[in-house]
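**Student:** Mind looking at a prediction? Sequence and model below.
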Amino acid sequence: MSNPLVVTEESSTQAAQVLRGLALNEKVKARTLADPVLGRIVRRVARRYVAGESLADAVEQAAQIMVAGHRASVEYMGGSCRDPEQAIAETDVFVEAARRLPPGCSVSLALSHIGLAIDEDLAFGNALRIAQVTAETGREMVISAEGSVLTDAVLSVHRKLCERFGHVGITVQARLYRTADDLPALLALPGRIRLVKGAFPESETIACSPGDPALPAAYLRHAESLADSGHLCSFATHDWDLIHRIDQHLGGGGHDDAPWEFETLLGCGPDRLAAMAERGHPTREYAVFGTEWWLYVCMMLADDPQRLLQALIDAACPELSPTEAM
């Protein structure tokens, strides 16, 4: 008789590495999505974490989030764009989203999606279009985090936008050692500061490794600084311990006009949002849409072994998934 399977930290790490490898394997992606059976199964799994492939799907998901009592953020997913014309076309989608999403729903975007990998001025021009429309429609615009090689350019574009607008936010990563130096300058600018742990592959000379105990300590330290500053901010994390400790730092409760909010990604933390909302804190759910969801979903599953079990349930029992269609 074979020995029973024991799930260890090592096996969980290995499973995560396999998923991250699959996330970057374009051949596996193409074959899986093209297969009539496998394609349908992985779309069932993805639907828990992705609003859908169209803007109409995102509009519907955002409305549902807001009906549930949370704020909503929507991001159109895409890779690092290296074609100027495509970058302009992708910007058009963000502009349309800014006009069609429910009132109050914010628009999030990665600058590399709209041309930062090509030219900083191109990215700024495209971001400026989105900033103008989000300002006209009365919604926040939040710039997403990128790999550290682009951080200086991201902060540069954000700073230029803040010279013209007061509603453009920025995402900072607790993993990066430089964040301790970047935060003071960002606190002098308008717009929400969104704090995440960070998930990009980085050298240990510039960032904490994902499993380093120094990472949650850094996150908590930055979160407390943001809370004490009174600046608009978002605590974007699914880490229960961090959520509870930040809640304690805030006095164990909040109010509707608090400058802070607790944020989780779609499908990852409804229990966390419910708990914080019950304590009176503003809460937000972050939804993504688009056809380029393969990398996002694989990385989502890799980040938490428990999500692999949920993926198995979703794959086998479509009635338990939000919807089978994408």
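**Tutor:** Perfect, thanks for sending it.

**Student:** For the stretch 1-150 of the chain, just list every one of the strands.
**Tutor:** 71-76, 106-109, 141-143 (DSSP state E, counting those that start in this stretch).

**Student:** which other residues reach the first one?
**Tutor:** Pointing back at strand 71-76 there. Strand 71-76 has contacts (Cβ atoms under 8 Å, 6 or more residues apart in numbering) with 51, 55, 58, 61-62, 65-66, 90, 93-94, 97, 101-102, 104-110, 113, 140, 142, 144, 261, 263, 282-290. (C-beta placed from N, C-alpha, C; glycine too.)

**Student:** could you dump the strands of the stretch 1-150 of the chain to CSV with mean neighbour count and mean pLDDT?
**Tutor:** Formatted as CSV, the strands of the stretch 1-150 of the chain follow (neighbours: other Cβ atoms under 10 Å; pLDDT from 0 to 100):
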stretch, mean neighbour count, mean pLDDT
strand 71-76, 25, 98
strand 106-109, 23, 98
strand 141-143, 24, 98
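
**Student:** quick one: which of these is nearest D256?
**Tutor:** strand 71-76 (10.8 Å; Cβ to Cβ).

**Student:** Pull up the pairing partners for the closest one, direction included.
**Tutor:** strand 106-109 (parallel), strand 283-289 (parallel) (DSSP bridges).

**Student:** right, and these - which one's nearest A185?
**Tutor:** So among the strands paired with strand 71-76, strand 106-109 is nearest, using Cβ to Cβ, at 21.2 Å.

**Student:** any idea how far the closest one is from the chain center?
**Tutor:** A distance of 10 Å separates the centroid of the chain from that of strand 106-109, by Cα atoms, centre = their mean, to the nearest Å.

**Student:** Next SSE downstream of the strand or helix carrying T151?
**Tutor:** Assessed by DSSP states H and E, T151 sits inside helix 151-162. For helix 151-162, the following helix or strand on the C-terminal side (DSSP H and E) is strand 168-173.

**Student:** what helices or strands is that following strand leaning on?
**Tutor:** strand 141-143, helix 151-162, helix 179-187, strand 193-196 (3 or more Cβ pairs under 8 Å, 6 or more residues apart in numbering; DSSP states H and E).

**Student:** got JSON lines for these, with distance to A302 too?
**Tutor:** Output for the helices and strands packed on strand 168-173, formatted as JSON lines (distance: least, Cβ to Cβ, whole Å):
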{"stretch": "strand 141-143", "distance to A302": "24"}
{"stretch": "helix 151-162", "distance to A302": "23"}
{"stretch": "helix 179-187", "distance to A302": "23"}
{"stretch": "strand 193-196", "distance to A302": "16"}
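
**Student:** quick revisit: mind putting the strands paired with strand 71-76 into TSV with distance to A72?
**Tutor:** TSV is the format used below for the strands paired with strand 71-76 (distance: least, Cβ to Cβ, whole Å):
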stretch	distance to A72
strand 106-109	7
strand 283-289	6
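
**Student:** that older thread, Serialize the strands of the stretch 1-150 of the chain to JSON lines and add fields for distance to A30.
**Tutor:** Below are the strands of the stretch 1-150 of the chain laid out as JSON lines (distance: least, Cβ to Cβ, whole Å):
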{"stretch": "strand 71-76", "distance to A30": "22"}
{"stretch": "strand 106-109", "distance to A30": "26"}
{"stretch": "strand 141-143", "distance to A30": "30"}
